[in-house]
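**Q** Return atomic coordinates for the entry below.
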Amino acid sequence: MFELQYIGHAGWLVKNKNFKVLCDPWFGPPGGYFGQWYPFPKNSHLLTDELLEDLDFIYISHAHEDLTTGQAIDKRNVCLRVQRVNND
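**A** Numbering: from 1, shown residues only. Reported below is the predicted structural model:
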């Protein structure tokens, strides 16, 4: 059985006793798109060491600037998986 925790915007924490992945995290505060976009409602209080502890990987499902600003992965030794996008 998996436990799901909504972390705002498109983000989810998915975990069970053997697995923990953070999907599409975006916490601000630098914002995206040259500081013009911010998560609403504000969710930066959810970005804690406990949230990021023992992650198996961080999954980025789409390549938008809001998800790739790096707040969740700065100084973390964790695998980052990014969905391949075809621009055909």
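
**Q** what's the neighbour count on residue 20?
**A** The tally of other residues near residue 20 (other C-beta atoms under 10 Å) stands at 18. C-beta coordinates here come from the backbone N, C-alpha and C atoms, glycine included.

**Q** Name the strands paired with the host helix or strand of it and say parallel or antiparallel.
**A** Residue 20 belongs to strand 19-23 when assigned by DSSP states H and E. Strand 19-23 pairs in its sheet with strand 11-16 (antiparallel), strand 57-60 (parallel), by DSSP bridges.

**Q** mean confidence for stretch 2-16?
**A** Averaging pLDDT along stretch 2-16 yields 92.

**Q** before we move on, back to that, which element is encountered next along the chain beyond the strand holding residue 20?
**A** Following strand 19-23 in sequence order, the next helix or strand is helix 49-52 (DSSP H and E).

**Q** Next, the buried residues of that following helix.
**A** Buried residues in helix 49-52, counting neighbours by 16 or more other C-beta atoms under 10 Å, are found at 51, 52.

**Q** And that helix, what does it pack against?
**A** Packing partners of helix 49-52 (3 or more C-beta pairs under 8 Å, 6 or more residues apart in numbering; DSSP states H and E): none among the helices and strands.

**Q** Touching the strand holding residue 20 from outside, list them.
**A** Strand 19-23 has contacts (C-beta atoms under 8 Å, 6 or more residues apart in numbering) with 2, 7, 10-15, 51-52, 54-59, 61, 72.

**Q** Mark which of the residues you listed are buried, thanks.
**A** By 16+ other C-beta under 10 Å, the contacts of strand 19-23 give 7, 10, 11, 12, 13, 15, 51, 52, 55, 58, 59, 72 as buried.

**Q** Who are the contact partners of the first one?
**A** Put plainly, it is residue 7. Per C-beta under 8 Å, 6+ apart, neighbours of residue 7: 13, 22, 25, 27, 43, 46, 51.

**Q** For the second one, which non-adjacent residue is closest in space?
**A** Once its chain neighbours are removed from consideration, residue 22 has its nearest residue in residue 58; the separation is 4.7 Å (C-beta to C-beta, 6 or more residues apart in numbering).
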